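J.: give me a model of this one.
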Amino acid sequence: MPQKQTFSYKDLFSRPHLVSLVTALIMLGTAYIAAHFAYIYAAEYSVRPTTRYVGDLFLDNLPIVDLNFLIIETALIAFVSSIAYMLYHPRSILFSLKALALFVAIRAIFISLTHLGVYPGQLYPGDGFFDSIYVFLNLQSGFFFSGHTGLPFLAAMIFWDHRLARSAFLVLTAVFAVSMLLVRAHYSIDVFAAPFMAYGIFGLTRYLFPRDYALSGAQFVEPSDIPKPE
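T.: Reported below is the predicted structural model:
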């Protein structure tokens, strides 16, 4: 069960935690700046004559289905809702912001390394209001690894002991994973690798910032913690 809320915003902005909060915001801002340039670089590289798409076992056999309403409107609503949920639990803010910053920064590095062409038939965002926000935020740039799939899985681990939130984030992980494949926005390796990348980033954040993790009250169960049968 989640810890009883005994940590307020007054505590968050107190001297012991203010430095950590500023550090988290600087990390997040720096990560998004790096990601912005990585997305531009990846988009420019994807249209070079030398860039080719490759075969994919799933994409070669799955139908193309217009699920842009899921990966655009639903994703934006889920992102705003996740922020609201985090803000409702101020003790989780420091760890969540730093985990998000590492996620964004590490993904920016990966999408800058190997460049594949866009798989034929990819469905692009439309001209609507939410589509414009989605494009402005560069949420469909770069392939490895899928941010749509990885972010809700990361959130599920952060809020693992919040049963309803954990279930919602895991459902979103599955929904976005399927949607990304059916609209051809990602190769299958981008989607299937995303939870593993998120798990590694979660562990790295916990290792680098143990005090923030302890403050969050998270109780993610490691495989090594599961009792073995006698």
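J.: in this protein, which residue is most central in space?
T.: When CA atoms, centre = their mean is applied to the chain, the residue found nearest the centroid is Leu151 (2.1 Å).
J.: give me the element it is part of.
T.: Take DSSP states H and E as the rule and Leu151 turns out to sit in helix 147-158.
J.: is it true that the residue nearest to the centre of the chain touches Phe103?
T.: Yes: taking CB atoms under 8 Å as the definition, Leu151 is a contact partner of Phe103 at 6.7 Å. (C-beta placed from N, C-alpha, C; glycine too.)
J.: overlap in contacts, these two.
T.: Common neighbours of Leu151 and Phe103, counting by CB atoms under 8 Å, 6 or more residues apart in numbering, are Ala198.
J.: just to revisit the earlier point, show me the contacts for the residue nearest to the centre of the chain.
T.: Under the criterion of CB under 8 Å, 6+ apart, the contact list for Leu151 reads Phe79, Leu100, Phe103, Ala198.
J.: then Gly126?
T.: Neighbour list for Gly126: Asn68 [criterion: CB under 8 Å, 6+ apart].
J.: just the pLDDT for it.
T.: Gly126 is assigned a predicted lDDT (pLDDT) of 72.
J.: kindly provide the distance from it to Phe95.
T.: From Gly126 across to Phe95, the span is 36 Å (CB to CB, to the nearest Å).
J.: that older thread, neighbour-wise, which of the contacts of Leu151 leads?
T.: Within the contacts of Leu151, Ala198 tops the neighbour count with 27 neighbours, counted by other CB atoms under 10 Å.
J.: circling back: name the next helix or strand following the helix holding Leu151 along the chain.
T.: For helix 147-158, the following helix or strand on the C-terminal side (DSSP H and E) is helix 163-182.
J.: what angle separates that next one from helix 147-158?
T.: Going by axes from the mean of the first three to the mean of the last three CA atoms, to 10 degrees, helix 163-182 is angled at 160 degrees with respect to helix 147-158.
J.: any idea how many residues pack against the closest residue to Glu73 other than its chain neighbours?
T.: Nearest residue to Glu73, sequence neighbours excluded (CB to CB, 6 or more residues apart in numbering): Phe130, at 4.9 Å. For Phe130, the neighbour count with other CB under 10 Å is 17.
J.: helix, strand, or coil at Phe130?
T.: Put simply, Phe130 is helix when judged by DSSP: H, G, I helix; E, B strand; the rest coil.
J.: and if you look at the one 4 residues further on?
T.: Remark: Tyr134 carries the secondary structure label helix [criterion: three-state DSSP].
J.: so who does the residue lying closest to it once chain neighbours are set aside touch?
T.: Excluding the flanking residues, the one nearest Tyr134 by CB to CB, 6+ apart is Ile72, at 4.7 Å. Residues near Ile72 by CB under 8 Å, 6+ apart: Pro125, Phe130, Asp131, Tyr134.
J.: next one: the last one from Arg206, what distance?
T.: The one in question is Tyr134. Taking CB to CB, one finds Tyr134 at 31 Å from Arg206.
J.: contacts for the helix or strand bottoming out on mean pLDDT in the chain?
T.: Scoring the helices and strands of the chain by mean pLDDT, DSSP states H and E places helix 129-136 at the bottom, with a mean of 73. Residues outside helix 129-136 that contact it (CB under 8 Å, 6+ apart) are Asn68, Ile72, Glu73, Ala75, Leu76, Pro125, Gln140.
J.: I am finished for the moment; much appreciated.
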